[in-house]
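Enquirer: Make a model of this:
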Amino acid sequence: MKFENGGPGGLGHPRPRSNVEVQLEHPAEETKRLQRCINDLVRVLALPSIWSGGEPSQILRTLLDALLCTLHLDIVYGWLKDPVGEGDIEMVRVDESRKLMPRPQEICEMLNHRLGDDPLKWPPLVRNHIGDGDISIVPLRLGLRGEIGVIVAGSQRADFPGQAERLILSAAANQALIGLQEARLLREQKRVASELDQRVAQRTAELAKANEELRNEIGEKAAILDSALDCIVTIDHKGCITEFNPAAESTFGYRRDEVVGKLLADVIIPASLREKHRRGFARYLATGESRVLGKRFEMTAVRANGSELPVEIAITRIPLDGPPSFTGYLRDITDRKEAEEKLRRSEAFLTEAQHLARIGSFSWSVATDELVWSEQLYRMFEFDHRVPVTLELIGTRVHPEDIPMMYDMIERARGGVSDFEYEHRLLMPNHSVKYLHLIAHGARDKDGHLEYIGAVQDVTQRRLSEEALRKAQSELAQVARVTSLGVLTASIAHEVNQPLAGIITNAGTCLRMLAAEPPNVDGARETARRTIRDGHRASDVVTRLRALFAKKEATTESVDLNEATREVIALSLSELQRNRVVLRPELADDLPLVTGDRVQLQQVILNLLRNASDAMSAVDDRPRQLLIRTERDEGDRVRLTVQDAGVGFDPQAEDRLFDAFYTTKNDGMGIGLSVSRSIIESHHGRLWAILNDGPGATFSISLPRGPESAAGTDSVRNGCRMRNQ
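Expert: The predicted structure follows:
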């Protein structure tokens, strides 16, 4: 048995509720639950991408870790049946935050004692007692009858498992089953192939040795017949048996004296083939023509008890004067046929597993450019499996935009990298697009030539799901921006009315100056310039509003965080002043640029300013001071901080501040901070909150500086990554 422990908490302690465990009471909470369920399902369905080629223990360890963190479980246990005599695999993960926690061995013994020694008989839901509290335990079989193993998930929550949790657990078990079956099939295939190679080599060597002895010691026929491992049967020109060696006696169940003198066809040839044998023998005697003489072939023979067996046979004519006679060398190939059948079944299982998992395998000899593909890989590319695959043929399917990346990958591989990973697109004949993920490992063959063995997975569905998720997040961010627009209406109106009032005043003044006698042309000209200036001010406000609240795709550019902050302050200043907020900006000089979407970053800053202002709306015993600061951060990063003097937040709720639809405001939607964190994380940054030493709270953003530090995730996904080892 192997025991392992891990995880971020312990049994018996209050903890954040699972993403999917609460039956929600109204649509907003229902949306939250569905969003979290989708996120959890995406995480579970992404596990097979890191399992490819892994061992069962690694698959089980990764699955338990993912379930513990995703569903916030108190305990998750896994048991895999011994596949090849190496011992069962047993692992447990528990939440380590609890101090008084049983050891992993004790938990496994407790589960086996409470639920019985046979995991196949475990009920679908059990109430158990572990440590100092009740725990709900859900066993999940791996396989139709649990022949692969079992997964047990447990939680102290009274409503565990919920409907969505059951769905995620079922999806995780199905993914694990496919991964484990693939791992076992690969192992079995290697074992059977190795055994077959050894057996064939051994039997071939034995046959060669026997034939050599027969040629060198033809005069000592009796000794050869007695010691030969193959069945040796000689017949005369009538087809009657003249010799029947001990190996033939053992194989066919006859004694030599029982068959000598009998027709060979009546002894070891099945009844259905006897007439064909007689016609072929007669044709040879009449014409000297034979289709089998001097060749090795396979046929079906029959034993004395009537059972049939496959044999490999070689027939030679004995070089003697007089009527012809013949020697047949027969070998029982039952074991080889069974091994071949097992290998065929193993290959069929592997092919089906690859088809289900959308994974194909290949080998590539760099020196000769010889490519060997699995059947599933042919299906992915929609090539005829009878057509030899070449790099040029592959290029006809690769998306034109990814062709340069493909050739770059080929050149790097020829340069001798030991491993490479590569994602690209295919443009199919029907104009549909497929996304493929390739990973390969390089090794040297016996001649020292570089050869890559790899796997290719069709990740189209995953990419489409990711695109849908990004689109949903973008639309949610747009909802948050539009919500902010309503709150800022008064502030925006003030910002627009000021330059408009200036335009009207200046226009009236200009008319009076022009109507004077004599006209005041210089004064009118200056007044007209002020009118133009105020017009530009109004236009700038409208431009900033359109940029901030327009619905558009995210764009990546170099952003001056100070300038972006000043624009947000300009839009919010009137609102802040109306709420008696004293704004104190401290923007660092020579602040490095960051890379990202300017509108999204301004949305985050605007949300933090609004939250800080709202947090101080009920404060009357102290100044409502709001500090916004930019500065260089450690690790070559840039930090923006918003600090208020408001009511702060409940320390117990710190982990929930950034959850979607969690809010402490009576009229709040609870999406602002959740969307803000998603935006910052998509920029490879971090958003967090702490309570001040005095009143209020501080929210901080840390972003990487420079364009190279914040490249979009698509460029990573679509890139070709090489690792020299």
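Enquirer: from here on, contacts and neighbour counts on C-alpha atoms
Expert: Fine.
Enquirer: So what's the gap between the longest helix along the chain and the chain middle?
Expert: Ranked by residue count and defined by DSSP state H, the top helix of the chain is helix 163-216. Helix 163-216 sits 25 Å away from the centroid of its parent chain (Cα atoms, centre = their mean, to the nearest Å).
Enquirer: what mean pLDDT would you report for stretch 333-344?
Expert: Mean per-residue pLDDT for stretch 333-344: 82.
Enquirer: got the CA positions of stretch 435-449 in PDB?
Expert: Presented in PDB, the C-alpha positions along stretch 435-449 are these (Å, rounded to 0.1, in the frame of the first residue of the first chain):
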ATOM      1  CA  TYR A 435      -6.800  23.100 -32.700                       C
ATOM      2  CA  LEU A 436      -4.100  20.500 -31.900                       C
ATOM      3  CA  HIS A 437      -1.700  20.100 -29.000                       C
ATOM      4  CA  LEU A 438       1.500  18.100 -29.800                       C
ATOM      5  CA  ILE A 439       4.200  16.900 -27.300                       C
ATOM      6  CA  ALA A 440       7.200  14.700 -28.200                       C
ATOM      7  CA  HIS A 441      10.200  13.200 -26.600                       C
ATOM      8  CA  GLY A 442      13.500  12.700 -28.500                       C
ATOM      9  CA  ALA A 443      15.800   9.600 -28.100                       C
ATOM     10  CA  ARG A 444      18.600   8.000 -30.100                       C
ATOM     11  CA  ASP A 445      18.000   4.600 -31.800                       C
ATOM     12  CA  LYS A 446      20.600   1.900 -31.900                       C
ATOM     13  CA  ASP A 447      22.400   3.600 -34.700                       C
ATOM     14  CA  GLY A 448      22.600   6.900 -32.900                       C
ATOM     15  CA  HIS A 449      20.000   8.600 -35.000                       C
END
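Enquirer: Could you give the average pLDDT over that stretch?
Expert: Here the average pLDDT along stretch 435-449 is 84.
Enquirer: list the buried ones in the top strand by length along the chain?
Expert: With DSSP state E setting the assignment, residue counts place strand 433-444 as the longest strand in the chain. Buried residues in strand 433-444, counted by 16 or more other Cα atoms under 10 Å: 434-440, 442-443.
Enquirer: and which of these is nearest residue 685?
Expert: Within the buried residues of strand 433-444, the smallest distance to residue 685 is 26.4 Å, found for residue 437 (Cα to Cα).
Enquirer: Look up the residues forming beta bridges with the closest one.
Expert: Listed by DSSP bridges, the beta-bridge partners for residue 437 are residue 423, residue 457.
Enquirer: Kindly report the same for residue 232.
Expert: Per DSSP bridges, the residues bridged to residue 232 are residue 329.
Enquirer: tally of neighbours for it?
Expert: Residues near residue 232, counting by other Cα atoms under 10 Å, number 24.
Enquirer: For it, which residues are in contact?
Expert: Going by Cα atoms under 8 Å, 6 or more residues apart in numbering, residue 232 touches 225, 243-245, 247-248, 327-330.
Enquirer: What of residue 233?
Expert: Residues near residue 233 by Cα under 8 Å, 6+ apart: 241-245, 248, 327-330.
Enquirer: again, only using 10 Å
Expert: Contacts for residue 233 (Cα atoms under 10 Å, 6 or more residues apart in numbering) come out as 225, 241-245, 247-248, 260, 264, 315, 326-330.
Enquirer: Just the closest of those to residue 372, please.
Expert: Proximity of the contacts of residue 233 to residue 372 (Cα to Cα) peaks at residue 330, which lies at 35.1 Å.
Enquirer: How many residues are close by the closest one?
Expert: 25.
Enquirer: right, and it touches residue 249 too?
Expert: No - here residue 330 does not reach residue 249: they are 11.9 Å apart, not a contact under Cα atoms under 10 Å.
Enquirer: Need the overlap of contacts for those two.
Expert: With Cα under 10 Å, 6+ apart, residue 330 and residue 249 have common neighbours 231-232.
Enquirer: Now do the buried residues in stretch 294-307.
Expert: Quick answer for stretch 294-307 (16+ other Cα under 10 Å): 301-303.
Enquirer: who's in contact with it?
Expert: The contact list for stretch 294-307 (Cα under 10 Å, 6+ apart) reads 249-254, 265-271, 273, 308-317, 329-333.
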